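[1] With the input below, show me the fold.
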Amino acid sequence: MPEAGKPESVRLAVAQTPVRHDPRDGEALRESGREVRALMREASTQGARIVHFPEGAICFPGKLVMSVNGPDAVGPADWDRCQWAVLQSELAAIAALARELRLWTVIPSVHRLTGPNRPHNSLYVISDRGGVVTRYDERLLSKTKVSYMYSPGVSPVTFDVDGVRFGCLLGMEIHYPELFAEYEKLDVDCVLFSTSGTSGNTAVQAQGHAAVNSYWVSLSVPTQHSATAPSGIIAPNGDWLARCPADDSPSVAVVNLDDSSEAAAEAVTYARPWRREARTGLYTEHQVIDPRSEDRTAAF
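    Modelled structure (predicted):
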């Protein structure tokens with residue numbers, strides 16, 4: 001492992017793809033799989049070591065599509081409607097290509113559990129050998145997701161590629177700074193955040209999390225939202241390093257995660273270690289007992 005606060009370098013690609021909402025449509029699932037694999041090849045051509053996809057890259061099942069009370073009312077999801085065999089076949093093809101390209105691939109998907117348990121909303125981490133090395137399950141779900149569709153996850157997940165440590169978040173978890181702070185404590189160098197939808201401040205929040213925690217953040221979103229918040233990678237000081245086109249096109253943006261830029265180096269080398277030190281209680285020895293300190297109404 002590299003020295004704390006001094007990650008090695010790895011080349012990361014972030015993708016944006018069209019998101020489809022009907023898991024009953026086997027051909028739509030296959031088309032999504034083909035698009036994912038095309039972008040994997042593009043990322044590999046650009047020298048990426050790891051590629052990161054948005055929530056729903058294969059399918060983001062719609063709440064009304066899945067509802068037993070649908071199509072006009074939200075209700076419990078009927079997961080028997082999902083073309084599980086097709087979904088698993090596409091994921092297997094993605095894993096096979098990851099092995100062929102020697103490309104780590106982070107791909108969101110529904111993870112089936114034993115009935116009658118609802119599935120997880122997950123991120124699979126597929127290594128460059130084509131095997132699933134870990135899986136992140138969304139923990140802080142939306143009200144609809146947790147009420148009608150998914151079982152929540154229970155823990156953070158990290159994994160290392162070439163000495164760089166990654167953490168995973170998903171769905172609407174951009175709104176929970178404690179999850180990003182948790183990954184800072186786990187020594188991650190980059191958080192991979194996948195979502196199927198963005199609000200006006202999603203990109204700004206992602207920049208804030210990167211700057212506050214002094215690590216990289218990869219934001220992967222559907223092409224449908226690229227006009228307002230295209231996929232991109234944020235440096236540890238909160239600046240965008242690269243972004244996909246804002247034109248609804250499937251694409252990847254690729255950067256090296258290292259501290260070669262002055263801004264990134266300052267955030268990684270100085271800001272993050274100092275914040276950690278500041279939280280250890282170092283101020284206690286500098287505190288004083290003084291009447292003018294204790295009297296909150298003391299005159300100027």
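[2] Could you use CA atoms for every contact and neighbour count after this?
    Will do.
[3] ok, and for the helix or strand of the chain with the lowest mean pLDDT, which residues are buried?
    Sorting the helices and strands of the chain by mean pLDDT, DSSP states H and E puts helix 262-266 at the bottom, at a mean of 75. For helix 262-266, the neighbour count (16 or more other CA atoms under 10 Å) marks 264-265 as buried.
[4] and whichever helix or strand comes after that helix, which residues are buried?
    Next in sequence after helix 262-266, counting helices and strands by DSSP states H and E, comes helix 272-278. Residues of helix 272-278 classed as buried: Arg272 (neighbour count, 16+ other CA under 10 Å).
[5] got it, and stretch 24-41?
    For stretch 24-41, a neighbour-count test (16+ other CA under 10 Å) marks 24, 26, 28-30, 32-37, 39-41 as buried.
[6] shaky segments in the stretch 51-200 of the chain?
    Applying pLDDT under 70 to the stretch 51-200 of the chain flags the ranges 199-200.
[7] Let me see the ranges of the helices in the stretch 1-150 of the chain.
    26-45, 63-66, 84-101, 143-144 (DSSP state H, counting those that start in this stretch).
[8] could these go into JSON lines alongside distance to Pro108?
    Output for these, formatted as JSON lines (distance: least, CA to CA, whole Å):
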{"stretch": "helix 26-45", "distance to Pro108": "11"}
{"stretch": "helix 63-66", "distance to Pro108": "17"}
{"stretch": "helix 84-101", "distance to Pro108": "10"}
{"stretch": "helix 143-144", "distance to Pro108": "19"}
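[9] Those: which one's closest to Pro222?
    Nearest of the helices of the stretch 1-150 of the chain to Pro222, taken as CA to CA: helix 26-45 at 11.7 Å.
[10] The helix or strand containing Ala253 pairs with which strands, parallel or anti?
    Following DSSP H and E, the helix or strand that holds Ala253 is strand 251-257. Sheet pairing of strand 251-257 (DSSP bridges) gives strand 10-16 (antiparallel).
[11] between the partner strand and helix 26-45, how many degrees?
    150 degrees (axes from the mean of the first three to the mean of the last three CA atoms, to 10 degrees).
[12] ok, and what's touching strand 10-16?
    Residues outside strand 10-16 that contact it (CA atoms under 8 Å, 6 or more residues apart in numbering) are 39, 43, 47-54, 161-162, 164, 218-223, 226, 230-233, 244, 249-258.
[13] Narrow the residues you listed to just the buried residues.
    Neighbour counting over these (16+ other CA under 10 Å) leaves 39, 43, 47-54, 161, 164, 218-223, 226, 230-233, 244, 249-258 as the buried ones.
[14] Could I get the buried residues of stretch 24-41 in TSV, plus columns for distance to Asn121 and pLDDT?
    As requested, the buried residues of stretch 24-41 are exported to TSV (distance: CA to CA, whole Å; pLDDT from 0 to 100):
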residue	distance to Asn121	pLDDT
Arg24	17	97
Gly26	19	97
Ala28	19	97
Leu29	16	98
Arg30	19	98
Ser32	17	98
Gly33	18	98
Arg34	21	98
Glu35	21	98
Val36	18	98
Arg37	21	98
Leu39	22	98
Met40	22	98
Arg41	25	98
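[15] Need the per-residue pLDDT for Thr280.
    At Thr280, the predicted lDDT confidence score is 87.
[16] Look up how far Trp274 lies from it.
    Remark: distance between Thr280 and Trp274 (CA to CA, to the nearest Å) = 10 Å.
[17] With Leu64 instead?
    48 Å.
[18] if we can go back for a sec, and the least confident helix or strand of the chain, what does it pack onto?
    Helix 262-266 is packed against no helix or strand, with contacts defined by 3 or more CA pairs under 8 Å, 6 or more residues apart in numbering; DSSP states H and E.
[19] Now find how far off-centre that helix is within its chain.
    23 Å (CA atoms, centre = their mean, to the nearest Å).
[20] Dump the C-alpha coordinates for it into PDB.
    Output of helix 262-266 as PDB, limited to C-alpha atoms (Å, rounded to 0.1, in the frame of the first residue of the first chain):
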ATOM      1  CA  GLU A 262      -0.700  21.600  -7.800                       C
ATOM      2  CA  ALA A 263      -4.300  21.900  -6.500                       C
ATOM      3  CA  ALA A 264      -4.700  18.100  -6.000                       C
ATOM      4  CA  ALA A 265      -1.300  17.800  -4.400                       C
ATOM      5  CA  GLU A 266      -2.100  20.600  -1.900                       C
END
